[in-house]
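> need a 3D model of the following:
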Amino acid sequence: MALLSKFIDSLNVHLYRTAFREVVHPVKLNGSFDKHNVIIHLNKGKLLVGPEDEVMPRDSFYFFPAGQPIYVKHANGNYHDLGPDGFKDDDHRSRFLRTISGLEDVSQMKEVFTILAFDVMLYDAIPFFEVLGMPPFALTKDEEFGFLVKHIALENEQNKLGREKLIRNYMEEIMIHMCRYIESQEKFKKYTDKLEFLSDRRLVDIVKHIQENLEKDLSNKTIANIAYVSEDYVGQFFKSLTGKNLQDYIENQRLDRAMFLLRTQPDNIQEIAHRVGFKDPAYFSRRFKMKFGANANSIRQNKNQLV
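Residues are numbered from 1 along each chain as shown. Sure thing, here's the model as predicted:
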C-alpha cells in the first residue's frame, strides 16, 4: 500500500480518445498494439478477450496497458481476423464497429461497448504502466467506475462549458479506482514492487532525458553525466533499479515513438527513423518488425486506431 500511495499524487492522466461503439459484424483483433492504455467497457452483448478467449460479462471492464498485445473478439459468428495491423482506415473500421452517440437508444443493438484510450505519466516523464510491466487484466464490476467511463465519453462528444476540466477530474478518479484495485490484488504485488526503484531521483532524470532526447546521442557516457555516475557503472546502475538493459530500453523507447509518429505524422519512414535516433533506416526497419510484428510500411498505410 505504501508504495502506490507514495506515487499516486505524481501521476498525470491524459485522455487520448473515447467513443461508444456498436459491433455490426464479428471481428477479431489478434495481437494488435496501441501506444495508449485502453479500457473497454462492455455495455451489452458478448466480448472475448486475451489469447485464451476470456468471456467478459456484461457491464465489466478490461484493461490493456500501453504496448501490450490486444486480443479481442467482438460478437459471435464468423470472425473477420484483422491480424496485428488493425483497421486500415475509418471506412474499414465502420464495416465492423459503428461509432454511436452515448445518447442513442441501444435496445435494438446486439453489442455495444465504450472505449477509453489514455496516457498515464509519472513525474511527467515516465509511462506508468510501462514501468510496471503489467499484463492486461479484467476489472471487477463497479457502478461508480462505470459511471465515470460513461460520463467521460458523454462529455467528450458534447462541446459543453467546462468539458475539459470535468474529463480531467473524471480521469483522475479512474486512476484512483484502478490503483485501489491493483493494490487489493496480491497477484499484482510483483509489479507494484518495481516502484521501489523510483525513489532514486537520478533514475527519473535519466528516463526524462531519454524521453526528451530520443533523436540525440544517448550513449552510456551521455547518460552517465545525467546520473552523476561513471560511464562504466551507468548500465549496471540502470539495470539494478529497473531490471532492464539501458541501451535496450532506449531502443524500445525509440521504436515506440516511431510507431506513434508513423500513425500521426506525414514524414516518410526514413525521416521518422532519423527523428527517433536511428542512423540506418534498414536497421530501423528490421528492429521495428521484430518488436511489433509488422513492417513500418504497413503501419504507415494504416494510421487509424486499433479499437
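
> which strand or helix spans Ile152?
Using DSSP states H and E, Ile152 falls within helix 143-157.

> in that helix, which residues are buried?
Phe145, Gly146, Leu148, Val149, Lys150, Ile152, Ala153, Leu154, Glu155, Asn156 (16 or more other CB atoms under 10 Å). C-beta here means a position set from N, CA and C on the backbone, and glycine is covered the same way.

> and the residues you listed, which is closest to Ile206?
Minimum distance to Ile206 across the buried residues of helix 143-157 is 33.2 Å, recorded for Ile152 (CB to CB).

> show me the contacts for the residue nearest to the closest one when sequence neighbours are not counted.
Excluding its sequence neighbours, the residue lying closest to Ile152 (CB to CB, 6 or more residues apart in numbering) is Tyr170, at 4.8 Å. Counting by CB atoms under 8 Å, 6 or more residues apart in numbering, Tyr170 touches Leu148, His151, Ile152, Glu155.

> so how far is Asn169 from the third one?
Distance from Ile152 to Asn169, counting by CB to CB, to the nearest Å: 10 Å.

> quick one, phi/psi of Phe61?
phi -130, psi 150 (degrees, to the nearest 10).

> for the lengthiest helix in the chain, output the C-alpha coordinates as CSV.
Counting by DSSP state H, the longest helix found in the chain is helix 163-184. Extracted in CSV, the C-alpha atoms of helix 163-184 (Å, rounded to 0.1, in the frame of the first residue of the first chain):
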residue,chain,number,x,y,z
ARG,A,163,-15.8,19.8,-20.6
GLU,A,164,-12.0,19.6,-20.4
LYS,A,165,-12.0,20.2,-16.6
LEU,A,166,-14.7,17.6,-16.0
ILE,A,167,-12.9,15.0,-18.1
ARG,A,168,-9.6,15.7,-16.3
ASN,A,169,-11.3,15.2,-13.0
TYR,A,170,-13.1,12.0,-14.1
MET,A,171,-9.8,10.6,-15.5
GLU,A,172,-8.1,11.2,-12.1
GLU,A,173,-10.9,9.3,-10.4
ILE,A,174,-10.5,6.5,-12.9
MET,A,175,-6.8,6.2,-11.9
ILE,A,176,-7.6,6.2,-8.2
HIS,A,177,-10.1,3.4,-8.7
MET,A,178,-7.6,1.4,-10.8
CYS,A,179,-4.8,1.9,-8.2
ARG,A,180,-7.1,0.8,-5.4
TYR,A,181,-8.0,-2.3,-7.4
ILE,A,182,-4.3,-3.1,-8.2
GLU,A,183,-3.4,-2.6,-4.6
SER,A,184,-6.1,-5.0,-3.4
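
> which residues sit against stretch 117-124?
By CB under 8 Å, 6+ apart, the list of residues contacting stretch 117-124 reads 7, 10-18, 34, 36-39, 66, 127-129, 131, 171, 174-175, 198, 204, 208, 305, 307.

> same question, stretch 190-210
3-4, 6-7, 122-126, 131-134, 182-183, 218, 223, 226-229, 237-238, 240-243, 249-250, 253.

> got the end-to-end distance for it?
26 Å (CA to CA, to the nearest Å).

> can you list the buried residues in it?
Tyr191, Thr192, Lys194, Leu195, Leu198, Leu203, Val204, Asp205, Ile206, Val207, His209, Ile210.

> Serialize the contacts of Tyr170 to CSV and add fields for pLDDT and distance to Ala117.
Below are those laid out as CSV (pLDDT from 0 to 100; distance: CB to CB, whole Å):
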residue, pLDDT, distance to Ala117
Leu148, 92, 15
His151, 91, 16
Ile152, 92, 11
Glu155, 91, 15
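
> between those residues, which is nearest Asn295?
Ile152 (34.6 Å).

> hmm, back to that, what is the nearest of the buried residues of helix 143-157 to Ser107?
Lys150 (16.5 Å).

> show me where the stretch 1-150 of the chain has helices.
2-7, 90-94, 128-132, 143-157 (DSSP state H, counting those that start in this stretch).
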